[in-house]
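[1] Here is a sequence together with a model predicted from it:
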Amino acid sequence: MSDKFFFMGRQDPRQNHIKYGNDKKPNTKAGSKKYPLTLLVTSEDRKQEVETLVADAHLYAVVNVDKSEDAVESIGELNAILSRAETVKVDKAPLRNGPCVCGSGKKYKKCCGK
């Protein structure tokens, strides 16, 4: 008999369904109470500016001040969240036999839907 059968054993079929990727915590939302943003600024005035930006965007953040000469401001996470594109909402086109949107009182197909 072959030794393969006895030593290899049966493979677990669920191993093929394990997902590997970069996002280990897909349900974490940056800027929430549970996962606040960590920001670094170089002065107290800049700290107040960043805190107002965070408050206006309804986010939560921990803003630290580093006054050393070689300090670099780190607010990339905030910029990424603030620069997200908003969802585009398109009005539904009027039905062919519905009233025209221009307010003429005619059907859409006779007025603006030519």
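    Cool, the structure landed. In this text the structure is predicted, and so the values were computed from the model without any measurement.

[2] hey, let's count contacts and neighbours off CA atoms from now on
    OK.

[3] Give me the contacts around stretch 75-93.
    For stretch 75-93, the surrounding residues in contact (Cα atoms under 8 Å, 6 or more residues apart in numbering) are Leu37, Leu39, Leu40, Val41, Val54, Ala57.

[4] leaving aside the residues next to it on the chain, what's closest to the second one?
    Closest residue to Leu39 apart from its sequence neighbours, by Cα to Cα, 6 or more residues apart in numbering: Val63 at 4.8 Å.

[5] and the one you found, how far is that from Lys34?
    When distance is defined by Cα to Cα, to the nearest Å, Val63 is 15 Å away from Lys34.

[6] the more surrounded of those two?
    Val63 (20 against 10; other Cα atoms under 10 Å).

[7] Could you pull out the strands in the protein for me?
    Along the chain, counting by DSSP state E, strands occupy 37-41, 61-65.

[8] So which bits of the last one are buried?
    By that I understand strand 61-65. Neighbour counts using 16 or more other Cα atoms under 10 Å place Ala61, Val63, Asn64, Val65 of strand 61-65 among the buried residues.

[9] Tell me the strands beside it, with direction?
    strand 37-41 (parallel) (DSSP bridges).

[10] Could you tell me which residues within the strand it pairs with count as buried?
    Leu37, Thr38, Leu39, Leu40, Val41.

[11] now Lys47, nearest residue through space, not along the chain?
    Closest residue in space to Lys47, ignoring its immediate chain neighbours: Val41 at 6.1 Å, by Cα to Cα, 6+ apart.

[12] For the one you found, give the beta-bridge partners.
    Beta-bridge partners, per DSSP bridges, of Val41: Val65.

[13] Run through the residues that contact it.
    Counting by Cα under 8 Å, 6+ apart, Val41 touches Lys47, Val63, Asn64, Val65, Asp66, Val72, Glu73, Ser74, Ile75.

[14] at 7 Å what do you get?
    Listed by Cα atoms under 7 Å, 6 or more residues apart in numbering, the contact set of Val41 reads Lys47, Asn64, Val65, Asp66, Glu73, Ser74.
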